[in-house]
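A.B. asks: Build me a structure from this.
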Amino acid sequence: MITDLDGTLVDLGINWDSLRERVRAEMGWDHPLKPLGPSIPKAARNKDEEIRAFKIVEEEEIAASSRADRNPRLIEIFEKIKGMGLKLALVTLQARKPALIALERLGILGFFDVIITRESSLDRKEQLMMALDELGVDPSKCIFFGDTPWDLDAGRELGIKTVCVGRRIDGCDYFIQKFEDLAVH
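C.D. replies: Predicted coordinates for the structure are as follows:
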């Protein structure tokens, strides 16, 4: 099982549109920055700008991750998943530091066998391929939980059954309103 973090496991409360505006303003860019992470290298005129822009984003991610609260329902779900002998990976376009902070604060860090962050790749499909490789799992034997059209596209391209969380996206294999809805199944 592979899952995304923000918007899938938890809503960290980041106002992504506001953050895009802040990055554009501070960097003097007019790029739409959608999706944010993969767009920064395209918008940056040099490596220094890219590093500065990612620093702005990471500061916001750390602040948001530091507000996450322990989630007993998520802990229960992951205890059941691990109890079934399933391997578990996280793929996120967040930086590693805020991702680890969020997972620790939620109480679920120790359940993950693999954690892939934007430092490894800014491409969701590549992140999924890395996770599959590290887990030693065939895509057809995996399920992926995500919340964006990019998540769905990447999962479908790799032949992974994809669950859309929070909003139904045309073409998804399954839909749940919240990750915690798994607790009732």
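A.B. asks: In this structure, where is pLDDT below threshold?
C.D. replies: Of all residues in the chain, those with pLDDT under 70 make up the ranges 183-185.
A.B. asks: can you pull out the strands in it?
C.D. replies: Remark: strands assigned in the chain by DSSP state E are 2-3, 89-91, 114-116, 143-146, 161-165, 174-176.
A.B. asks: and these as JSON lines, adding distance to residue 73 and mean neighbour count?
C.D. replies: No exception for glycine: its C-beta is placed from N, CA and C like everyone else's. Shown next, in JSON lines, are the strands of the chain (distance: least, Cβ to Cβ, whole Å; neighbours: other Cβ atoms under 10 Å):
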{"stretch": "strand 2-3", "distance to residue 73": "14", "mean neighbour count": "26"}
{"stretch": "strand 89-91", "distance to residue 73": "17", "mean neighbour count": "27"}
{"stretch": "strand 114-116", "distance to residue 73": "21", "mean neighbour count": "20"}
{"stretch": "strand 143-146", "distance to residue 73": "15", "mean neighbour count": "23"}
{"stretch": "strand 161-165", "distance to residue 73": "14", "mean neighbour count": "23"}
{"stretch": "strand 174-176", "distance to residue 73": "13", "mean neighbour count": "14"}
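A.B. asks: Turn these into TSV, columns for distance to residue 52.
C.D. replies: Listed next are the strands of the chain as TSV, based on distance: least, Cβ to Cβ, whole Å:
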stretch	distance to residue 52
strand 2-3	30
strand 89-91	25
strand 114-116	24
strand 143-146	28
strand 161-165	32
strand 174-176	38
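A.B. asks: hey, which helix is longest across the protein?
C.D. replies: Under DSSP state H, the helix in the chain containing the largest number of residues is helix 47-65.
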